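**Student:** pasted the sequence and its predicted model underneath.
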Amino acid sequence: MGAVVAIARRDGTRVWHRRAHSAQFAIWLLWAIGAAIFVYCCQLISDKTIWPFVTDAPAQAADLAARMIPPDWAFITTLWRPMWDTINMATVGTALALVLAVPVAYCAARNTTPSAVAVRPVALFIIVASRSINALIWALMLVTIIGPGVLAGILAIALRSIGFCAKLLYEAIEEIDESQVEAVRATGASGAQVAAFSIVPQVLPAFAGVSVFRWDINIRESTVLGLVGAGGIGLPLNAAITTLAWTRVSLILLIILATVVVSEWISAKVRHAII
Amino acid sequence: MTVATVVSRHWRKPPLIRRAWIRWALGLGAVVYLALALGTIDVNWTRVWEGLPRGVRFFAAFFPPNFTGRWNDISDGILESLYMTVASTVIGIAISIPVGLGAAKNIAPSVIYYFCRGVLALSRSFQEIILAIFFVKLFGFGPFAGVVTLSFATIGFYGKLLAEDIEDADPSSAEAVRATGAGWLQWINYGVQPQVMPRMIGLALYRFDINFRESAVVGIVGAGGIGATLDTAFNRYEFDSAAAILLIIIAIVMVVEYSSSYVRRWVQ
């Protein structure tokens, strides 16, 4: 689009424009259509909103804040166990997801898939299905099947993460340098050896980066799985909210905030060390 | 003699982590942690065992998906989710542009920088559901709370990536624009914006995709969208309707993903 220099003549002098007229017009038209869609959506949402409740929000917020301060520090002794469960759900779930994501990614990458017609679409569907369904919905289903508890949380996290990890991994596999693969193959290596000595070393940094990145996201996700009964810090959070124990809610939120900040710091450090 | 030494040398693959003690410590730590974690997980195996045939029945109840039985509720929910997604993506990105500009170290003064980074960190820390619970409390049930939730979450995501992208931008072209005597806005518009625009359009579409998926769950806590319908379907054991909803969500996510990769190629 911007490759051609657009210069208009105005009163004999040459005036530089960023874009040609037609391109400029097309962009304006797209903006106008986008704005119309946006306004239409806002209109529909506004129709479904009870505005007195919205205008009342500042007073509600002030009221809530007053009820949440100070946090109930004594309650912290009962929170260590759920917090440990939360971290476990995220970590074990991520590990499980990575184990399952590797074969899926291998089948989904264009250059390693056993069959582009039969296997690749299945792998891509697994990736999209796993990514489209939120961990909370997975947890909702798993709690119905295997009962409430940490195991449902681990499996929910794992099922949700397979798609994410496999997608990033297969993109990394597709971007590898083919000449190295060819060089290893030329030595007479078997299929497994080719994978181990030419593909794995090239995607290993990406693999490590993806796993830490996903682990960081999963810490955040696993804090809410308790809301549907899948264990972790979400259970006491839900209990505190339903019993209107706001000082406990604020304490739990502070703990979640601290955990998330620490996990983000760890993840950033590790990724920095790898890349 | 020389041949013998060459033969006795055995090539080994270089490890990912070069220093041996870190490698061993990490491995040992992982084993100890896994043992501790798996040891402390309470699993009611009899319950799990009982649940497995139930799970089979559960998934059997998904088929065939029932699109027609609750079609009015489903289409209402999906449309509401889409409206929420559009509104929250636009609002979130509109707010995250100034925040992202302020959070870029190379163009913002340090006071503004730390303030904007704080906003981003706060917005990223809490899961959408937790935010939604509070916004439902403040604004009442309905899609408005959902839009506020998703917009707020969008700020953290988009603002952070925008700030990082601006920090990575090539300073020489921005400086060249500034050397022509451009004002601040012109400097941003002609020196910085063209550099970050292609990637940011792609990320906007990606965020649209995320917001749609999230809008499917904020409904569980009362913030509008298809989530409420899905939750109700589960609670009423209408698993065929739930399967229909899940399939529609997957289909829409796929459409958005394919069109976004197309748009990205067109922009770049």
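**Tutor:** Cool, the structure landed.
**Student:** what helix or strand is the most centrally placed residue in chain B located in?
**Tutor:** Using C-alpha atoms, centre = their mean, the residue of chain B that lies closest to the mean C-alpha position is residue B:210, 5.2 Å off. Using DSSP states H and E, residue B:210 falls within helix B:193-218.
**Student:** state which helix of chain B is the longest.
**Tutor:** Ranked by number of residues, the top helix in chain B under DSSP state H is helix B:71-102.
**Student:** just the buried residues of it, please?
**Tutor:** For helix B:71-102, the neighbour count (16 or more other C-beta atoms under 10 Å in any protein chain shown) marks B:73-74, B:77-78, B:80-93, B:95-97, B:99-102 as buried. Backbone N, C-alpha and C define where each C-beta goes, glycine included.
**Student:** now the angle between helix B:193-218 and it, please.
**Tutor:** Relative orientation of helix B:71-102 and helix B:193-218, computed by axes from the mean of the first three to the mean of the last three C-alpha atoms, to 10 degrees: 140 degrees.
**Student:** I'd like the mean pLDDT over helix B:71-102, please.
**Tutor:** The pLDDT scores in helix B:71-102 average 89.
**Student:** which strands and helices sit next to that helix?
**Tutor:** With contacts taken as 3 or more C-beta pairs under 8 Å, 6 or more residues apart in numbering or on different chains; DSSP states H and E, helix B:71-102 sits against helix A:21-47, helix B:110-125, helix B:143-168, helix B:193-218, helix B:226-235, helix B:239-267.
**Student:** residue A:177 is nearest to which of these?
**Tutor:** Closest to residue A:177 of these, according to C-beta to C-beta: helix B:239-267, at 22.7 Å.
**Student:** do that closest one and chain A meet?
**Tutor:** Yes - residues of helix B:239-267 contacting chain A under C-beta under 8 Å from any C-beta of the partner chain: B:246, B:249-250, B:253-254, B:257.
**Student:** one step back: list the residues that contact the residue nearest to the residue nearest to the centre of chain B when sequence neighbours are not counted.
**Tutor:** Nearest non-adjacent residue to residue B:210, counting by C-beta to C-beta, 6 or more residues apart in numbering or on different chains: residue B:157, 7.4 Å away. Contact analysis of residue B:157 by C-beta atoms under 8 Å, 6 or more residues apart in numbering or on different chains lists B:96, B:124, B:207, B:210.
**Student:** quick one: buried residues of stretch B:152-172?
**Tutor:** The neighbour-count check on stretch B:152-172 (16+ other C-beta under 10 Å) flags B:152-163, B:165-166, B:169 as buried.
**Student:** and the residue of chain A closest to chain B?
**Tutor:** Per C-beta to the nearest C-beta, the residue of chain A with the smallest distance to chain B is residue A:53, at 3.3 Å.
**Student:** my guess is that residue contacts residue B:140, does it?
**Tutor:** Yes - with contacts defined as C-beta atoms under 8 Å, residue A:53 counts as touching residue B:140 at a distance of 3.3 Å.
**Student:** give me the more crowded residue out of the two.
**Tutor:** Neighbours were counted for residue A:53 and for residue B:140 using other C-beta atoms under 10 Å in any protein chain shown; residue B:140 has more, 20 against 17.
**Student:** how near is that one to residue A:274?
**Tutor:** Taking C-beta to C-beta, to the nearest Å as the measure, residue B:140 falls 46 Å from residue A:274.
**Student:** and what of residue B:255?
**Tutor:** Distance, residue B:255 to residue A:274, using C-beta to C-beta: 34 Å.
**Student:** more neighbours: the two, which one.
**Tutor:** residue A:274 (15 against 11).
**Student:** number of residues surrounding residue A:67?
**Tutor:** Based on other C-beta under 10 Å, the number of other residues close to residue A:67 is 13.
**Student:** any idea which helix or strand carries it?
**Tutor:** Assessed by DSSP H and E, residue A:67 sits inside helix A:57-68.
**Student:** from the contact counts, what lies against the helix or strand following that helix?
**Tutor:** Per DSSP H and E, the first helix or strand lying C-terminal to helix A:57-68 is helix A:80-108. If you count contacts as 3+ C-beta pairs under 8 Å, 6+ apart, helix A:80-108 packs onto helix A:119-132, helix A:150-174, helix A:200-222, helix A:234-242, helix A:246-274, helix B:20-40.
**Student:** show me what counts as buried in helix A:80-108.
**Tutor:** Here helix A:80-108 shows A:82-98, A:100-102, A:104-108 as buried, counting by 16+ other C-beta under 10 Å.
**Student:** does stretch A:238-249 come close to chain B?
**Tutor:** Yes - against chain B, stretch A:238-249 shows contacts by C-beta under 8 Å from any C-beta at residue A:241.
**Student:** can you pull the pLDDT of the residue nearest the centre of chain A?
**Tutor:** Residue closest to the average C-alpha location in chain A (C-alpha atoms, centre = their mean): residue A:217, at 6.0 Å. Per-residue pLDDT puts residue A:217 at 87.
**Student:** next: residue B:58.
**Tutor:** With respect to pLDDT, residue B:58 scores 77.
**Student:** so what's it up against?
**Tutor:** Residue B:58 neighbours (C-beta under 8 Å, 6+ apart): A:141, A:144-145, B:239.
**Student:** number of nearby residues for residue 219?
**Tutor:** Since no chain was named, I'll use chain A. Counted with other C-beta under 10 Å, residue A:219 comes out at 25.
**Student:** please refer instead to chain B.
**Tutor:** Per other C-beta under 10 Å, the neighbour tally for residue B:219 reads 25.
**Student:** quick one: the nearest residue to it once chain neighbours are set aside from residue B:254, how far?
**Tutor:** Distance criterion C-beta to C-beta, 6+ apart; nearest residue to residue B:219, sequence neighbours excluded, is residue B:227 at 2.3 Å. Separation of residue B:227 from residue B:254 (C-beta to C-beta): 19 Å.
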